[in-house]
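Student: Sequence and predicted model, in that order:
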Amino acid sequence: TYNNWKYLYFSKRPSELAQLFLSLRYVITWFLIIFTACLLVTLVVSKKIYKPIALLTRYAKSVMKNPGDTAHDDIGELSDAFSFLYGQWSSYKDTISNSAPLLLHNIAMNLLDSDIHNVEELNSWLSILHVRFEHPSFFLLVFKIDAETYDNLDNRERDVMLLYIKEHVESYFSSRDEGTLRCISCSRPNGIIPFIINCSEEQYPQEKAAAAVILSNLNDDIAAHASIAVSDRITDLTEFNRAFRQTLDYFKYVFVYGNQTVYDSDMVRKLDSGRNDVYDNAFKKSLQALLNQNRVTEAKQEIADFFRLAKQKNYSFLYLQSLTTEIASMVIHVYQSNDIPLPNLQNGDMLQPYARLTNIDRCIEWFDQLLDLLDAAMQHKLSQLDSEHMKKIITYIDDNIGTVTLSSVSDAFKMSTAHFSRMFKKNTGINLSDHIMNKRMERACSLLSESDMKVADITDTLGYQNTNYFNKIFKSKYQMTPTQYRKMHHK
């Protein structure tokens, strides 16, 4: 004590009992933390892992073929369950792998029908195959086998040819990067195979130029006699259907330029801007003259030469289509003007092949057949003319001696001038012009000897416009002038 104050002295060194309590507090705190963590882990495992595994195990046991053969302990059941599920997953992967061509075919069909609207939607379809398109733009490469070649193949041969073409083109455009796709295709009727090529704007010219190489290789390998049409670049997937129909329309020029050709928009636009509405009048006049004279062989050659020059003249398809129709109309008009029946046209024997003409060579062959039919019909009609029919013609000429001409008498008896001239000479032995002149001279002699008509009036009556010309003809036939003849024979 100091000055009646009491002081307690505390040492800074803790006692052993205090140290024990302090350590015990830390142990209890960490125990509670670890216990709480274990409890949480147990709950998570029970809810997130054990229960799903238990459910999978029960499901696997319910669908397994021989559940009685499985182990009875939990580990065995889990092993069997996971083995079964792995087998199912492997089978599912094999099914997807085997169905990949069919899935890609359906995706291509949906694209061509514009049922897929953007690249994101397209890639979502492809995700099941773990592939995707890399670029946002596409173009169409449409392969078309020659129609005659395709029609002459049986189903097995068609399948083999189409499969070979698809494998060749798809291998050419195969992607070097795993997981990316560059080309898909589908089959259409009549030997048409559209390929959808994925490319960037920079790649498009080079990829487009590859079409000629592909076509050459395939025609050499399998003699498909095919053509290729290449579309413009497509960036809007909703425009696929319109682009596809437009690209198919390019094949109309196969009629002019044949197969083994690559048709693209630049070429077709150039050809479409060619001659469309100006017909070759010189050709038409020449052909019409040959048809009127029934010079069938020369008419055939005229048609063949004109069509074979079509490539050099860069005629548009519309022009050639119109010209073909007009030539057919010219030939049919000759039938009608000569009153010849058209059974081969009326029953479709000639019209059906006409509707299926695929190229210029077939067109020329069709016109050859049509002209042969015309020639045979004309010859048959000539052989059918009897004496009674000729009497009607002679009577018509006599009754109209002052105005009759080759055109008027041909029209009256519904024949072409050329056909009538041949028919008349065959049946009378002389030309129609000579027959008309003889009849007019006979009428002139009758009028000079039996009437008092002036020579000028007789000239007009007989259809001569010039008296001096009439006198000249009369004198060349009778060795005297009309006046001298009247003096000698007037009654």
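Tutor: Alright, I've got the coordinates.

Student: Could you list the buried residues of stretch 426-443?
Tutor: 432, 435, 436, 439, 440, 441, 443 (16 or more other C-beta atoms under 10 Å). Quick note: C-beta positions are derived from backbone N, CA and C, even for glycine.

Student: so who does the residue nearest to the first one when sequence neighbours are not counted touch?
Tutor: Spelled out, that is residue 432. Once flanking residues are discounted, residue 432 sits nearest to residue 424: 4.8 Å by C-beta to C-beta, 6 or more residues apart in numbering. Listed by C-beta atoms under 8 Å, 6 or more residues apart in numbering, the contact set of residue 424 reads 393, 431, 432, 435.

Student: Adding distance to residue 474, secondary structure and pLDDT, write those out as CSV.
Tutor: Output for the contacts of residue 424, formatted as CSV (distance: C-beta to C-beta, whole Å; DSSP: H, G, I helix; E, B strand; the rest coil; pLDDT from 0 to 100):
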residue, distance to residue 474, secondary structure, pLDDT
393, 25, helix, 87
431, 19, coil, 88
432, 20, helix, 87
435, 17, helix, 89
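
Student: Most widely separated two among those residues?
Tutor: Based on C-beta to C-beta, the longest span within the contacts of residue 424 runs between 393 and 431 and measures 13.8 Å.

Student: quick one on the thing from earlier: which one among the contacts of residue 424 gets closest to residue 198?
Tutor: residue 432 (74.9 Å).

Student: Verify the stated contact: the closest one with residue 423.
Tutor: No. Assessed by C-beta atoms under 8 Å, residue 432 is found out of contact with residue 423, at 9.6 Å.

Student: coming back round to it: could the buried residues of stretch 426-443 go into CSV alongside secondary structure and distance to residue 160?
Tutor: Output for the buried residues of stretch 426-443, formatted as CSV (DSSP: H, G, I helix; E, B strand; the rest coil; distance: C-beta to C-beta, whole Å):
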residue, secondary structure, distance to residue 160
432, helix, 66
435, helix, 70
436, helix, 72
439, helix, 76
440, helix, 78
441, helix, 80
443, helix, 81
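
Student: give me the element residue 422 is part of.
Tutor: Using DSSP states H and E, residue 422 sits in helix 417-428.

Student: again with residue 193
Tutor: Element membership of residue 193, judged by DSSP H and E, is strand 192-199.

Student: Show me what that strand is packed up against.
Tutor: Applying 3 or more C-beta pairs under 8 Å, 6 or more residues apart in numbering; DSSP states H and E, we find strand 192-199 packed against helix 74-112, strand 137-144, helix 155-172, strand 183-185, helix 240-249.

Student: weakest of those in terms of mean pLDDT?
Tutor: Comparing mean pLDDT across these, the weakest is helix 74-112, with a mean of 69.

Student: Check which element follows it along the chain.
Tutor: Remark: after helix 74-112, the chain's next helix or strand is helix 119-126, criterion DSSP H and E.

Student: Just put the buried residues of stretch 426-443 in JSON lines and tack on distance to residue 303.
Tutor: JSON lines is the format used below for these (distance: C-beta to C-beta, whole Å):
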{"residue": "432", "distance to residue 303": "29"}
{"residue": "435", "distance to residue 303": "34"}
{"residue": "436", "distance to residue 303": "34"}
{"residue": "439", "distance to residue 303": "39"}
{"residue": "440", "distance to residue 303": "40"}
{"residue": "441", "distance to residue 303": "43"}
{"residue": "443", "distance to residue 303": "45"}
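
Student: from those residues, which single one is nearest residue 462?
Tutor: For residue 462, the nearest member of the buried residues of stretch 426-443 is residue 440. The distance, counting by C-beta to C-beta, is 4.6 Å.

Student: The closest one and residue 474, how far apart?
Tutor: Distance of residue 440 to residue 474, given as C-beta to C-beta, to the nearest Å: 9 Å.

Student: Okay, now the unreliable bits of the stretch 351-491 of the chain?
Tutor: Residue ranges of the stretch 351-491 of the chain with pLDDT under 70: 351, 381-387, 491.

Student: For it, just list every one of the helices.
Tutor: Ranges of helices within the stretch 351-491 of the chain are 351-355, 360-384, 387-399, 406-412, 417-428, 432-450, 455-461, 467-478, 482-489, based on DSSP state H, counting those that start in this stretch.

Student: So which of those is nearest residue 221?
Tutor: Closest of the helices of the stretch 351-491 of the chain to residue 221 is helix 360-384, at 24.2 Å (criterion: C-beta to C-beta).

Student: Okay, angle between the closest one and helix 417-428 too, please.
Tutor: Interaxial angle of helix 360-384 relative to helix 417-428 (axes from the mean of the first three to the mean of the last three C-alpha atoms, to 10 degrees): 30 degrees.

Student: hang on, the earlier thing: could I get the contacts of residue 424 in TSV, plus columns for distance to residue 316?
Tutor: Output for those, formatted as TSV (distance: C-beta to C-beta, whole Å):
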residue	distance to residue 316
393	47
431	45
432	44
435	49
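
Student: Residue 212 reaches residue 262, doesn't it?
Tutor: Yes. Counting by C-beta under 8 Å, residue 212 touches residue 262, with 5.1 Å between them.

Student: Counting neighbours around each, name which of these two comes out higher.
Tutor: residue 262 (20 against 14; other C-beta atoms under 10 Å).

Student: Can you work out which residues contact both of residue 212 and residue 262?
Tutor: Common neighbours of residue 212 and residue 262 are listed as residue 228 (criterion: C-beta under 8 Å, 6+ apart).

Student: tell me the contacts of residue 101?
Tutor: Residue 101 sits next to no residue when contact means C-beta under 8 Å, 6+ apart.

Student: Roughly how far does it sit from residue 369?
Tutor: Distance, residue 101 to residue 369, by C-beta to C-beta: 45 Å.
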